[in-house]
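Participant: Predicted model, plus sequence, below.
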Amino acid sequence: MEKENCIRAFIAIDIPQQIKSTFLAINESLKVRHPTKIRWVNVQNIHITLKFLGHINANLVASITDSMYSATEDINPFNLCLGRLMLLPTPHKPKTLSMSVSGDLTILRQVQESVEKQIGALGFAKNQRVFRPHITIARFKDNLSTISHKRIQEEAISKDKTWTVTELVLVKSTLTLKGPIYQKLCVQALGKYRKNKII
């Protein structure tokens, strides 16, 4: 694959701006209590990953968008809600601070499985890990103490933040020293909003 024609990409559910505003408050609260050990994700970049594609040939974008269209053929808009803070992959050796989601999780898993199936037809390997929907909000610079683990997980988070998922996005991720820069390549609407948009 030619380097100049290679992009790093993933398929995701974007988070609406009103929900992102909630994360600003969460970040500020946690920064006061844990100022040095956490590297925060740019709030504008938060999302729920459905399929990480890795480095791909840019010529595949059109085929991937077609697969996204097929994957959402029988999917109508559905609701998700912010859940609780989680330390992943395990609370004892965490690499990221994430937030779980609740709501229509059966539909969410159906969407993820459908995306996995359609993208697999293009030759992408199936993810062998169990799908655990979450929103990554920070990464740890070094190990945290057991006390810090407990304090982070006990942070009070509002659980009444619900939104309606109406589309999937194909995102190009460019890694930089200051963090990744995201660019939407395609927006695939669900249900009655079936048209897709190549950006």
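Facilitator: The structure has been received and is ready for your questions.

Participant: What ranges does the protein have for its strands?
Facilitator: With strands called from DSSP state E, the chain shows them at 6-14, 38-40, 47-57, 78-88, 96-103, 134-140, 162-165, 167-174, 181-189, 196-198.

Participant: would TSV of those with distance to Leu24 be doable?
Facilitator: No exception for glycine: its C-beta is placed from N, CA and C like everyone else's. Shown next, in TSV, are those (distance: least, Cβ to Cβ, whole Å):
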stretch	distance to Leu24
strand 6-14	16
strand 38-40	10
strand 47-57	16
strand 78-88	13
strand 96-103	13
strand 134-140	11
strand 162-165	16
strand 167-174	21
strand 181-189	17
strand 196-198	27
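
Participant: nearest to Thr65, of those strands?
Facilitator: Comparing those against Thr65 with Cβ to Cβ, the closest turns out to be strand 181-189 (4.4 Å).

Participant: Could you export that closest one as CSV, CA atoms only?
Facilitator: Output of strand 181-189 as CSV, limited to C-alpha atoms (Å, rounded to 0.1, in the frame of the first residue of the first chain):
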residue,chain,number,x,y,z
ILE,A,181,-7.0,15.1,14.3
TYR,A,182,-10.3,13.7,13.2
GLN,A,183,-12.0,14.3,9.8
LYS,A,184,-15.4,12.8,8.9
LEU,A,185,-15.3,11.2,5.5
CYS,A,186,-18.9,9.9,5.4
VAL,A,187,-22.1,10.3,7.4
GLN,A,188,-24.5,7.4,7.1
ALA,A,189,-28.0,8.2,8.3
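
Participant: most centrally placed residue in this structure?
Facilitator: For the chain, the residue nearest the mean C-alpha position is Ile48 (2.3 Å; Cα atoms, centre = their mean).

Participant: what's the distance between it and Cys6?
Facilitator: 25 Å (Cβ to Cβ, to the nearest Å).

Participant: low pLDDT regions in the protein?
Facilitator: Along the chain, segments meeting pLDDT under 70 span 1-4, 33-37, 142-160, 192-199.

Participant: Go ahead and confirm Lys117 touches Ala71.
Facilitator: Yes: using Cβ atoms under 8 Å, Lys117 is in contact with Ala71, at 7.3 Å.

Participant: With neighbour numbers in mind, choose between the two.
Facilitator: The neighbour count for Lys117 versus Ala71, taken as other Cβ atoms under 10 Å, is higher for Ala71 (24 against 13).

Participant: How about the contacts made by the more buried one?
Facilitator: Neighbouring residues of Ala71 by Cβ atoms under 8 Å, 6 or more residues apart in numbering: 111, 114-115, 117-119, 168.
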